[in-house]
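A.B. asks: prediction below, plus the sequence it came from.
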Amino acid sequence: MNKQQLASTIWESANQMRSKIEANEYKDFILGFIFYKYLSEKELNLMESEGFTEEQIKKVNESDTKYMEHIKNELGYFIAYDNLFSTWLAKGSDFDVSNVRDALSAFDRNIDSVYKKVYEKIFNTLQTGLSKLGESAQAQTKAIKGLLKLIKRIPMDGKQDYDVLGFIYEYLISMFAANAGKKAGEFYTPHEVSVLMSEIIADHLKDRDEIKIYDPTSGSGSLLINIGHSIAKYMDGDGKIEYYAQELKENTYNLTRMNLVMRGIKPANIFVRNGDTLEDDWPFFEDKNKENTYRFVSVDAVVSNPPYSQKWDITDKKFDQRYKHYGVAPKGKADYAFLLHDLYHLENYGIMTIVLPHGVLFRGSDEGKIRQNLIEKDKIDTIIGLPPNIFFGTSIPTIIMVLKKNRPNNDVLIIDASKGFEKDGKNNKLRACDIKKIADTVKARKSVDKYAALVSKETIVENEYNLNIPRYIDSTEEAEQWDIRSIMFGGIPKAEVEQLKEYWEAFPCVRDVIFKSISEKYMDVRCSDIKKTVTEHISADAYKTNFIKAFDGFYELLKKDLIDDILDVPAESEKEKICEEMFGRLESIPLTDRYYAYQILSDKWNIISADLEMIQTEGFDVINQVDPNMVIKKKDVNDDEVPEVQEGWNGHILPFDLVQKEILTEDLVELTALEDRLEEIGSLYADIIESMEEEEKESSVLNDSNDAFVSKEVKNTVVEILQDIENDEIFALKEYLKLSKKKEKLEYIENCSSVTWESMELGVDGTYKKGSVNNRIKEIQLGYQFDQDSFENKMITVLKLMEEESQAKKDVKLKAEELHLKTKETIEKLDEDTSLKLLELKWIEPLLNELYTIPDDVIEEMISKVVILADKYNTTFSDVEDKIDTTGKALSSMISELVGNEYDMEGLTEFRKILGV
């Protein structure tokens, strides 16, 4: 499995195993045990690297003080052999929940003093919550066993496996968040929002040699890690980023520490506190001696997603260094308190991004004064309006605000990105193209119609420091205009035709073949089929040709980078390179949306990058690898773990269907033909049912819904039908069946000429078996020609189809199994050239094919707009009046034919008067 498949499998199992435990609580168990496995294996790797044998490792315990101190010095902690994750697994039926309790207690006392702040009480949430896994020690043991067996599959023993581990860890956090309701906001910022904030910050800091980044409301730490990952792309070497964080809730504070450590970040670069960011300024002080031990630290970047509009204690806060120059946020809404805390800890040329409820843009009173001070001091750089319902557990409208400590300009870039998203279950989600467009707009710092506005400080002051996005950007669709004369008399205003000017420029002469002038200011449609006229026009062909020409050499470029340099190409920078190349080629093609093209690239790149990662980390031969296809089954109450069974095979890199299509073509065609015939038989059943009379449908041959035949009843019905069919051959065959002696049968065969004996299979003794004879009788009977539309003919046809269908299903099953195994063997034996060619077909061809659909999409969009315009005034007001009049007369005529009592007739007479006829 690749890391996406493994993460999905682990989540599916974990979600079944958690049963009635809340997702928000269960995450602490599975993520805690994952972290414990990570620490255990790290210690095992150290001992093995130092030459310890398996027997020597088994003897490592707390009594070996010298070696214990060595391990603590190297790793910052020590775990005795009896308490290692692998030892728990090895215990089998002897494992007990008490082993976990003892191990977690021992962990805290065996932490090196230098690393206390990183590891101390990191398993506290797990340890105190074990009782929630079951009402008895036996139940808790069983639940933990299932978790351990599930977690053991996660690889943690190499550089590439840190990426796999980190991916799985964040995937599980995101899935728990999606199932945790309102509590999700306490520990998780959606990945797409993290990526967007990361891109903005990374671009600002890309020239720094070393940086410090900080999240004062860190939750799981995923937001902080994404920022670090994005910035690391621009840096050479490891260990050049220091991570600072503070988190109020102990369980999420522990998640932050675990997440940072498991990403391979050195403990010396991790500075995390469990505390109230607003009450206890950060980062360093001793809890018992705050005043004398506080040490201020400033950082290059701050990122945060604090709790929205939280209540806080404002007592004496006006003297706090964080707020004294800007103001104190109201006690019922701490949004600006978090923002000012973040800003306070920025270096002179630092940058911060913060997620806030959109009310901070326009609320007055104390918040209005803070906003005014921020604007006057030129701190607010960019405001990004996010789509609704984008965060788990809340539908509050939100924004991202970007601030810089020192800026060369005093304007504010405002972006309305509220309409760019896709649905993802109950929530909305930023797409890759949305993130790219926002990040590009922030970088370009230019106004974009209906999307972004670069607003001067003077304009903001004129608006009394109100930053509400609709004041500066009108992203609403323009109201449709209607021409009164066209409504009355028909015709299309030339002005409305000219609103499609960008299409007429891109497709010369198309306007003139669709429309004709009927007066100085009005036009009409001159063609009968707009779609045909456009698609067959020479300019449509020219547009498609120009698009394809613009991408000349693009395939070859992709092949050189991705296929020829497959083991060396850096995936992340390669995507950016391809993107810039693609954008450059699209410049010459009007009406194309570069971000629509980017989404195509991004979707395909998810597949390409996953494959590249496996090939570059596992070796080229992994292309020929085939893995068991493991399928998760429903967990039984008595199962220790979620059952997983093998159902066939999957290509580790190469999909079976691609190999079948390109190499095993003949086999695939045979299988497809059988499957097509089965589908055709299904259609024939439907046709026969539709042709049946109502009386026929009432028979027992159909199910209660009258949409399928009942096999047993059809067979019985046909038997009844065939009983009455008889001819000379059938009579003769029945007489043959009455014979018992071989000599009699042989004489009968020799003398009876009314039977076509050669149509049956002859037995070894020269006679015909009873089964063969009966089959021949049935064959003759089924061949009887009933009237085509008769019930008898329909039932015999259905029976024949059922017999064919039964055999076809067997053939399909057998052929599919043969092809499946043949595909496995084929992949495993592929030579290098064929393997690379198949990768070409998997990666490059689908990308180009989808890009080449863009011109057709543009043409379809133009046709749609033209058709709407042509139909808009097609029916005039007088046409409507005529229709009303005609309908009224017809209705009046029908009324005159009605009869009833005097009261009914009186009412109908009045109705005719209203109709005016």
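C.D. replies: Looks like it came in fine. Numbering: from 1, shown residues only.
A.B. asks: helices or strands up against the helix ranked longest in the chain?
C.D. replies: Longest helix in the chain by number of residues, with DSSP state H as the criterion: helix 791-828. Using 3 or more CB pairs under 8 Å, 6 or more residues apart in numbering; DSSP states H and E as the contact criterion, the secondary-structure elements in contact with helix 791-828 are strand 626-632, strand 644-651, helix 656-662, helix 665-691, helix 711-723, helix 770-782. Quick note: C-beta positions are derived from backbone N, CA and C, even for glycine.
A.B. asks: just give me how far that helix sits from the chain centre.
C.D. replies: For helix 791-828, the distance from its own C-alpha centre to the chain's C-alpha centre is 35 Å (CA atoms, centre = their mean, to the nearest Å).
A.B. asks: next: stretch 331-347.
C.D. replies: With CA atoms, centre = their mean as the basis, the distance from the averaged C-alpha position of stretch 331-347 to the chain average is 34 Å.
A.B. asks: turn the helices and strands packed on helix 791-828 into a markdown table, columns for distance to Leu799.
C.D. replies: Formatted as a markdown table, the entries for the helices and strands packed on helix 791-828 read as follows, by distance: least, CB to CB, whole Å:
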| stretch | distance to Leu799 |
| --- | --- |
| strand 626-632 | 36 |
| strand 644-651 | 34 |
| helix 656-662 | 34 |
| helix 665-691 | 11 |
| helix 711-723 | 5 |
| helix 770-782 | 8 |
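A.B. asks: of the ones you listed, which is nearest Asp474?
C.D. replies: Between Asp474 and those, the tightest spacing by CB to CB is seen for helix 656-662, at 48.0 Å.
A.B. asks: packing partners for that closest one?
C.D. replies: Contacting helix 656-662 under the criterion 3+ CB pairs under 8 Å, 6+ apart are the following elements: strand 644-651, helix 665-691, helix 791-828, helix 832-851.
A.B. asks: now it: buried residues?
C.D. replies: Within helix 656-662, the residues scored as buried using 16 or more other CB atoms under 10 Å are Phe656, Leu658, Val659, Gln660.
A.B. asks: and what of stretch 411-425?
C.D. replies: Of the residues in stretch 411-425, those buried by neighbour count under the rule 16+ other CB under 10 Å are Asp411, Val412, Leu413, Ile414, Ile415, Asp416, Ala417, Ser418, Gly420, Phe421.
A.B. asks: name the helix or strand for the fifth one, please.
C.D. replies: Using DSSP states H and E, Ile415 sits within strand 412-416.
A.B. asks: immediately after that strand, which helix or strand?
C.D. replies: Scanning forward in sequence from strand 412-416, with DSSP H and E defining helices and strands, the next element found is strand 422-424.
A.B. asks: report the mean confidence score over that following strand.
C.D. replies: Average pLDDT, strand 422-424: 90.
A.B. asks: coming back round to it: strand partners of the strand holding Ile415, parallel vs antiparallel please.
C.D. replies: Within its sheet, strand 412-416 is paired with strand 380-385 (parallel), strand 452-455 (antiparallel), according to DSSP bridges.
A.B. asks: for the last one, the distance to its chain's centre please.
C.D. replies: Relative to its parent chain, strand 452-455 has a centroid offset of 32 Å by CA atoms, centre = their mean.
A.B. asks: which residues does it contact?
C.D. replies: When contacts are taken as CB atoms under 8 Å, 6 or more residues apart in numbering, the neighbours of strand 452-455 outside the stretch itself are Asp411, Val412, Leu413, Ile414, Ile415, Asp416, Thr441, Arg445, Lys446, Ser447, Tyr472, Ile473.
A.B. asks: go again using 7 Å as the cut-off
C.D. replies: Outside of strand 452-455, the residues that reach it under the criterion CB atoms under 7 Å, 6 or more residues apart in numbering are Asp411, Val412, Leu413, Ile414, Ile415, Thr441, Arg445, Lys446, Ser447, Tyr472, Ile473.
A.B. asks: again with stretch 900-917
C.D. replies: By CB under 7 Å, 6+ apart, the residues outside stretch 900-917 that reach it are Gly888, Lys889, Leu891, Ser892, Ile895, Leu898.
A.B. asks: quick check on those residues: which are buried?
C.D. replies: Using 16+ other CB under 10 Å as the burial test, those include Ser892 as buried.
A.B. asks: restricted to strands, list the contacts of stretch 900-917.
C.D. replies: Of the contacts of stretch 900-917, none are assigned to strands by DSSP state E.
A.B. asks: would JSON lines of the contacts of stretch 900-917 with pLDDT and distance to Ser517 be doable?
C.D. replies: As requested, the contacts of stretch 900-917 are exported to JSON lines (pLDDT from 0 to 100; distance: CB to CB, whole Å):
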{"residue": "Gly888", "pLDDT": "80", "distance to Ser517": "37"}
{"residue": "Lys889", "pLDDT": "83", "distance to Ser517": "37"}
{"residue": "Leu891", "pLDDT": "84", "distance to Ser517": "41"}
{"residue": "Ser892", "pLDDT": "81", "distance to Ser517": "42"}
{"residue": "Ile895", "pLDDT": "81", "distance to Ser517": "47"}
{"residue": "Leu898", "pLDDT": "83", "distance to Ser517": "51"}
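A.B. asks: cheers, nothing more for now.
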